[in-house]
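Participant: this is a predicted model, with the sequence first.
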Amino acid sequence: MRVHPQTRFELPEQLNAGEPPEARGVSRDHVKLLVAEGSTVTHTRFDRLGDHLRAGDLLLVNTSGTLAAAVDGTPYTVHFSTPLDDGTWVVELRDRNAPLFDGTPGLQVELPEGVLTLLAPYEASPNRLWIAQPPVVDVLSYLQRHGRPITYNYVGKRWPLASYQTVFAREPGSAEMPSAARPFSFELVSHLASQGVLIAPILLHCGVSSLESHEPPQPERYDVPAHTARLVNWVKANGGRVIAVGTTAVRAIETAASPDGTVSPSHGWTDLVLGLTREPRVVDGLITGWHAPEASHLLLLESVAGPDQVQNAYTEALDHGYLWHEFGDSCLLLR
């Protein structure tokens with residue numbers, strides 16, 4: 001399966017956010033915010049998010065915490081993506097920060113405390129993701145001892161794990177930060193609550209996101225708890241809007257939605273790909289960062305807001321110098 005979003009743009013190198021906003025003297029909630037609703041675009045700041053929400057709106061936030069998922073070994077670096085039910089892990093091998101495509105079953109990487117062994121290619125990935133036997137049984141504790149956050153070439157130096165956590169993080173499990181929620185501060189959450197904006201948790205553990213062009217998202221673990229399902233149904237029945245914070249929150253809640261839009265408690269694995277053949281049934285908008293050209297996330301944005309609105313938002317963001325990726329600026333798309 002290949003995904004083909006319609007949004008087209010070229011990203012200038014200077015718009016890659018290479019460090020957290022705090023390192024630039026900007027607090028988390030003072031990054032830029034572009035609000036797109038229909039054909040109207042507003043440029044503002046993230047701490048003014050409440051100006052564009054109503055009392056009774058519901059924000060869905062992902063409570064997954066970020067792992068120190070990269071471990072340097074010999075001769076490769078290993079990115080631990082996702083644990084499987086039998087104790088093996090989905091991994092990506094990196095050679096000088098580029099994905100390795102010529103791995104073979106039985107290939108071993110020397111890591112602290114033992115070796116990691118590739119067993120078989122994972123899903124339909126083009127020989128990039130592998131099922132592997134890790135060096136120890138308790139990988140989450142192992143990553144606390146030996147891991148560091150996954151970083152890509154546009155990030156100029158290594159930053160501590162705290163830079164990759166959101167205020168909502170509760171359960172460690174994501175190989176990469178669910179970064180749409182990074183601009184939230186405790187002060188902003190308090191302000192929104194006093195305004196009457198509701199907030200409910202969902203969980204989706206993100207795998208590695210270094211997808212190749214047109215590669216669909218991989219299956220991921222998710223959990224929509226009963227109280228969140230009840231609250232979503234209540235808000236929809238009473239005229240409120242459900243706004244997902246991030247593509248992960250969209251994927252989780254839409255997995256739990258029946259054809260009539262009713263949400264039921266649900267957990268497990270999701271391989272949902274939203275697009276023209278499966279439109280959203282629940283969300284009325286989403287808060288998101290800025291995604292790389294041809295990323296599968298763009299198809300999800302288009303399914304929520306429509307291709308024209310997404311293209312317009314990206315063109316405006318480029319014209320106004322918004323910053324991309326996990327340490328960049330933000331966007332609110334409303335249907």
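Facilitator: Nice, I can see it. Not measured: the values here are computed from a predicted model.
Participant: please enumerate the strands of the stretch 51-200 of the chain.
Facilitator: Listed from the start of the chain, the stretch 51-200 of the chain has strands (DSSP state E, counting those that start in this stretch) covering 58-62, 64-66, 70-72, 77-83, 89-95, 98-99, 108-111, 114-121, 129-133, 171-174, 198-204.
Participant: need those in JSON lines (columns: distance to S185).
Facilitator: For every residue, glycine as well, the C-beta is placed using N, CA and C. As requested, the strands of the stretch 51-200 of the chain are arranged in JSON lines below (distance: least, Cβ to Cβ, whole Å):
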{"stretch": "strand 58-62", "distance to S185": "13"}
{"stretch": "strand 64-66", "distance to S185": "17"}
{"stretch": "strand 70-72", "distance to S185": "27"}
{"stretch": "strand 77-83", "distance to S185": "29"}
{"stretch": "strand 89-95", "distance to S185": "32"}
{"stretch": "strand 98-99", "distance to S185": "34"}
{"stretch": "strand 108-111", "distance to S185": "36"}
{"stretch": "strand 114-121", "distance to S185": "38"}
{"stretch": "strand 129-133", "distance to S185": "34"}
{"stretch": "strand 171-174", "distance to S185": "20"}
{"stretch": "strand 198-204", "distance to S185": "13"}
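Participant: which one of these lies nearest to P183?
Facilitator: strand 58-62 (12.1 Å; Cβ to Cβ).
Participant: can you give me the mean pLDDT across that closest one?
Facilitator: Mean per-residue pLDDT for strand 58-62: 98.
Participant: specify the angle between it and strand 198-204 in degrees.
Facilitator: With axes from the mean of the first three to the mean of the last three Cα atoms, to 10 degrees applied, the angle from strand 58-62 to strand 198-204 works out at 30 degrees.
Participant: returning to that earlier point: the strands of the stretch 51-200 of the chain: which one's closest to G246?
Facilitator: strand 58-62 (5.7 Å).
Participant: which elements pack onto the closest one?
Facilitator: Strand 58-62 sits against strand 198-204, helix 226-237, strand 242-245, helix 247-255, with contacts defined as 3 or more Cβ pairs under 8 Å, 6 or more residues apart in numbering; DSSP states H and E.
Participant: quick one: which of the ones you listed is nearest L298?
Facilitator: When the helices and strands packed on strand 58-62 are ranked by proximity to L298, the top entry is helix 247-255, at 9.6 Å, counting by Cβ to Cβ.
Participant: average pLDDT across that closest one?
Facilitator: Across helix 247-255, the average pLDDT comes to 97.
Participant: next one: stretch 174-194
Facilitator: When pLDDT is averaged along stretch 174-194, the result is 97.
Participant: circling back: in a markdown table: the strands of the stretch 51-200 of the chain, plus mean neighbour count.
Facilitator: As requested, the strands of the stretch 51-200 of the chain are arranged in a markdown table below (neighbours: other Cβ atoms under 10 Å):
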| stretch | mean neighbour count |
| --- | --- |
| strand 58-62 | 26 |
| strand 64-66 | 25 |
| strand 70-72 | 21 |
| strand 77-83 | 23 |
| strand 89-95 | 22 |
| strand 98-99 | 15 |
| strand 108-111 | 18 |
| strand 114-121 | 16 |
| strand 129-133 | 23 |
| strand 171-174 | 20 |
| strand 198-204 | 22 |
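Participant: for those, which has the smallest mean pLDDT value?
Facilitator: Taking each of the strands of the stretch 51-200 of the chain in turn, the one with the lowest mean pLDDT is strand 98-99, at a mean of 88.
Participant: direction included, what does that one pair up with?
Facilitator: Strand 98-99 has the following strand partners under DSSP bridges: strand 89-95 (antiparallel).
Participant: tell me the angle the strand it pairs with makes with strand 114-121.
Facilitator: In this structure, strand 89-95 runs at an angle of 100 degrees to strand 114-121, with the same axes, to 10 degrees as the basis.
Participant: Provide the contact partners of strand 89-95 at residue level.
Facilitator: Applying Cβ atoms under 8 Å, 6 or more residues apart in numbering, the set of residues contacting strand 89-95 from outside is 70, 75-84, 99-100, 103, 107, 109, 116, 118, 122, 128-132, 134, 139, 207-208, 210, 218.
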